[in-house]
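A.B. asks: Give me a model of this one.
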Amino acid sequence: MWRSVRTKLAAILLVVALAATALVSLFVFQRQQDAIIEDRRDRLAAIATVQQARVEAWVASSAEGLALIASRTRLRNLLDDHQEPDTAELERRIMANDMDAILADASRASRNVVAVHVLDRSGEVVASTDDRAGDDLSAEPYVAGALPGSPALSHVGRRGEELVGVHGAVVERDGEALGWAVVEQRWAPVLDVLIDSTGLGATGEAILARPAASPGGVISLGPLLGDDEAALEPMPVEARPDLPVVDAVDGETRNAIDATDYRDRPVVAATRPIAGTDWGLVVKQDRSEILASTDDLRNNLLLATGAMVIIAVAAALLLAEPLTRHITDLTAVARRVTRGDRSARAEVTTHDEIGELAAAFNLMTDELVNHEAELETRKTQLESFLYVSSHDLKTPLRSISSFSQLLRLDYGPGLDERGGYYLDHIEQGASATITVIDDLLSYVRVDHNDHEMTVVDLTAAATAARELLSSTINETGAEVTIDDLGHVEGNLPLLRQLFQNLLGNALKFRRPDAPPIVAVSRAERYGSGNDGPVRGGHQVGFVVADNGIGVPEEYRARVFSPFERLHSKDEVPGTGLGLAVCERIVTLHHGTIEFVDSPLGGAAVLVRLAGRPGRP
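C.D. replies: Below you'll find the model as predicted:
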């Protein structure tokens, strides 16, 4: 799959397109997210500022109304006289009624007032719009938090089932504290501020809180998201000083906080302190909801990426088509040239690198044809030279041999032992030289003759070679077995000569104490036959093994060289060209030949040839 230029080019363009699209998409997506977050931070800061102002206005209004009540001269005089020891009880009641009237008049000035009380120095109510006269309100938790000496003069408490805001102020005259004025106001206006989610989405909320009695604790002064009963309940903020609500209660004004809220969810928040109180305000929204608007952008970017992938693949295929077409055409021409069609030429249709490649290929083919013609001429000349030379060399040798035989016939009886010895060496030398010349011619003919290639049955070729050696086999008492060897594309005479040389060597290099055993078999025990430098995807391997004297491992590569001998001519006759001819024949058939360990204890020659596909 990946060997195709079109596939590679498509993959390259696809990777480039994906990388570019991913980088651009990531940049656009990140910029859009940053812009949305920044805009939301500004909006939350603005909302926090507005809500802070509304709560502070409520606190300021309450404090202002209370201050007006506490500063009334008539109220101060009545409270002072009411606490004089010598004041009669009747007079105290009259004074209390007068103070009740003052408080009732003051409460009518604000529709949010629930009750107004005046307490003496002991905390006992001396006047009230709520019939609380005589009660000790300093013991009420929701009131005690607003009295002087408490953490805050503005307090939130629960009066029965109702949340109220309680404010306290000292009633004094000439620097002397006479008692307290306490106003209970409805908490609803502040709750309206807290539950106003305008601009905060589904997950946004405003939280108003104050410090708890325990260090680090925070008390919510209103409902929380999903919990309408959270007012005056501790919030889960222990040991978490980094929460926005803790910053708010600590009096910090912060904008654009990226933090985690009390629910452990990432939020964007703004914090504000409430002036005149120990309260803190947090306005926040879940980060996931803020970024939800980028989902459409993400989907659009994914669609754009998919479109870019399709465009890249289409562009790669369009760009690769002419390129691969020219390469395919050039490959087809190259195969024709390889198969022997030297007239095939590539068509030059462009002036780019592909056109230059086609022109260079044609030039190379022309050079190849010229070199082949020159080689053919030299081959013909060499063959003529070899034949003439061999004829010229063998003619005097035959004459020497002939005259030596005549000399033996005519003068043999008169020659002494030394003369006969000389004649024997002359005849043997002439015969050996003629054999060497014939073997050299055979060696050269392997390369210099045109050999017709057909489908060859190796078993039949080996059997024919055995028949040619039948006399030697009978003389030595040899046992030669041949298995089914398969088929190859080759030249029958050369392959028959290959088997003849290999079988001949197996018979020649035999042990003197045992008859030869030669086995020709497939090469499965030496591997699948699909390894090695044999050309083609299918191979046929066979082994010629014997029980002879063998070849030492250090000499196994050398014996395929011409005239390379391991034994003297007196020990084993021969010219040293038999295995060299075998190596030439195997090379001509695009195969390999080597010595391997013999299963019979002698020598074994492993041959691998390019097999015939579809034939066993």
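
A.B. asks: drop to CA atoms for contacts and neighbour counts, all remaining ones
C.D. replies: Noted.

A.B. asks: Excluding chain neighbours, what is closest to E289?
C.D. replies: Distance criterion CA to CA, 6 or more residues apart in numbering; nearest residue to E289, sequence neighbours excluded, is T203 at 7.1 Å.

A.B. asks: Also R132?
C.D. replies: Per CA to CA, 6+ apart, closest to R132 is V125, 6.5 Å.

A.B. asks: What is the strand or helix carrying that neighbour packed up against?
C.D. replies: Applying DSSP states H and E as the criterion places V125 in strand 125-128. With contacts taken as 3 or more CA pairs under 8 Å, 6 or more residues apart in numbering; DSSP states H and E, strand 125-128 sits against helix 89-107, strand 113-119.

A.B. asks: State the distance from the residue nearest to R132 to V170.
C.D. replies: Going from V125 to V170 by CA to CA, to the nearest Å gives 14 Å.

A.B. asks: Just the pLDDT for the nearest residue to N491 once chain neighbours are set aside.
C.D. replies: Of all residues not flanking N491 in the chain, M453 sits nearest, at 4.8 Å (CA to CA, 6+ apart). What the model reports for M453 is a pLDDT of 78.

A.B. asks: In contact with M453, which residues?
C.D. replies: Contacts for M453 (CA atoms under 8 Å, 6 or more residues apart in numbering) come out as E489, G490, N491, L492.

A.B. asks: Wait, the last one touches V456, no?
C.D. replies: Yes: contact status for L492 versus V456: in contact at 6.0 Å, counting by CA atoms under 8 Å.

A.B. asks: so the host helix or strand of A35 versus helix 89-107, what angle?
C.D. replies: Assessed by DSSP H and E, A35 sits inside helix 5-70. Here helix 5-70 runs at an angle of 140 degrees relative to helix 89-107 (axes from the mean of the first three to the mean of the last three CA atoms, to 10 degrees).

A.B. asks: Against which helices or strands is helix 5-70 packed?
C.D. replies: strand 162-173, strand 176-186, helix 188-194, strand 254-260, strand 266-273, strand 280-286, helix 287-290, helix 294-338.

A.B. asks: before we move on, back to that, distance of the residue nearest to R132 relative to V480?
C.D. replies: V125 is 136 Å from V480, where distance means CA to CA.

A.B. asks: just S128 next, same as before
C.D. replies: Taking CA to CA, one finds S128 at 136 Å from V480.

A.B. asks: between these two, who's got more neighbours?
C.D. replies: S128 (26 against 20; other CA atoms under 10 Å).

A.B. asks: Just the pLDDT for the more buried one.
C.D. replies: 80.

A.B. asks: Pretty sure it sits against L103.
C.D. replies: Yes: contact criterion CA under 8 Å: S128 and L103 qualify, at 7.0 Å.

A.B. asks: returning to that earlier point: neighbour count winner among V125 and V170?
C.D. replies: In this view V125 and V170 are compared by other CA under 10 Å, and V125 has more residues nearby, 24 against 21.

A.B. asks: bridging residues for the more buried one?
C.D. replies: Listed by DSSP bridges, the beta-bridge partners for V125 are L119.

A.B. asks: That one: what's it in contact with?
C.D. replies: Contacts of V125 by CA under 8 Å, 6+ apart are H117, V118, L119, R132, A133, G134, D135, D136, L137.

A.B. asks: coming back round to it: which neighbours do V125 and V170 have in common?
C.D. replies: Between them, V125 and V170 share no contacting residue, judged by CA under 8 Å, 6+ apart.

A.B. asks: Which of the contacts of M453 has the largest number of neighbours?
C.D. replies: Of those, with other CA under 10 Å as the count, G490 tops at 25 neighbours.

A.B. asks: Once you drop chain neighbours, what's closest to that residue?
C.D. replies: M453 (4.6 Å).

A.B. asks: Run the angle between the helix holding A35 and helix 294-338 for me.
C.D. replies: Going by the same axes, to 10 degrees, helix 5-70 makes 170 degrees with helix 294-338.

A.B. asks: hmm, back to that, pick out the shakiest of the helices and strands packed on strand 125-128, pLDDT-wise.
C.D. replies: Taking the mean pLDDT of these, helix 89-107 comes last: a mean of 74.

A.B. asks: Can you show me the CA trace of it as CSV?
C.D. replies: Taking Å, rounded to 0.1, in the frame of the first residue of the first chain, the C-alpha atoms of helix 89-107 are listed here in CSV:
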residue,chain,number,x,y,z
GLU,A,89,-43.9,53.7,88.2
LEU,A,90,-46.8,55.6,86.7
GLU,A,91,-44.4,58.1,85.2
ARG,A,92,-42.4,55.3,83.7
ARG,A,93,-45.4,53.9,82.0
ILE,A,94,-46.3,57.3,80.6
MET,A,95,-42.7,57.7,79.4
ALA,A,96,-42.8,54.3,77.8
ASN,A,97,-46.0,55.1,76.0
ASP,A,98,-44.5,58.3,74.7
MET,A,99,-41.4,56.3,73.5
ASP,A,100,-43.8,53.8,71.9
ALA,A,101,-45.4,56.6,70.0
ILE,A,102,-42.0,57.9,68.8
LEU,A,103,-41.0,54.4,67.6
ALA,A,104,-44.4,53.9,65.9
ASP,A,105,-44.0,57.1,64.1
ALA,A,106,-40.4,56.1,63.0
SER,A,107,-41.5,52.7,61.8
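
A.B. asks: All good on my end, thank you.
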